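>>> Quick one, structure for this:
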Amino acid sequence: MRGLNISSAKLEDFPAVFLLLKQLWPKRRLFKKRIQDLYIRRMKDNWDFLLVAKLGKKLLGFSAFTVDRNFAYAGRIAYIIELVVDEEWRGRGIGKALMKAVEKMARKLKCRAVELDSGFTRLRAHALYESMGYEKKCYFFVKKI
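Sure, this is the predicted structure:
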């Protein structure tokens, strides 16, 4: 998308990022203060990366990823924790631009792969990932404790 800028997230981006996260999980109760605290901690961590996509001053997308070591790859991987684009702007290449930015940073960090998980109902997101060469590899299991 012409004029789209992908950059590191800043603290002042948090209110708009929080609104995007509410779109990502509309039925989940989100605790703004807890999420903001985590956002700040991740901004300071050397292996966590927060990216925003902006058109002018309007924040349209957000991605967070972390770098970890993985035995299966015998090295580093980038794991996308969050990826969300404003509902009104989906399908215009913003998610793809964020994914490409993650991949570029992951290569510079000498990662061997980029991984993510995605809910079963997010079919448009799955189509994007597959169009970019991502493969469905496993199920993701969760147990709340």
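>>> Spit out the contact partners of Arg69.
Gly75, Arg76, Ile77 (CB atoms under 8 Å, 6 or more residues apart in numbering). In this view, the C-beta of every residue, glycine as well, is placed from N, C-alpha and C.
>>> Let me know the average pLDDT across the longest strand along the chain.
Longest strand in the chain by number of residues, with DSSP state E as the criterion: strand 58-70. For strand 58-70, mean pLDDT rounds to 97.
>>> For burial, what's the neighbour tally of the residue nearest to Gly61 when sequence neighbours are not counted?
Nearest residue to Gly61 in three dimensions, chain neighbours excluded: Ala53, at 3.6 Å (CB to CB, 6 or more residues apart in numbering). By other CB atoms under 10 Å, 24 other residues sit near Ala53.
>>> can I assume Ala53 is in contact with Leu98?
Yes. With contacts counted by CB atoms under 8 Å, Ala53 reaches Leu98, the gap being 5.5 Å.
>>> what sits in contact with each of these two?
Ile6, Gly61, Phe62, Ser63, Val85.
>>> Wasn't Val142 part of a helix?
No. Using DSSP: H, G, I helix; E, B strand; the rest coil, the assignment for Val142 is coil, not a helix.
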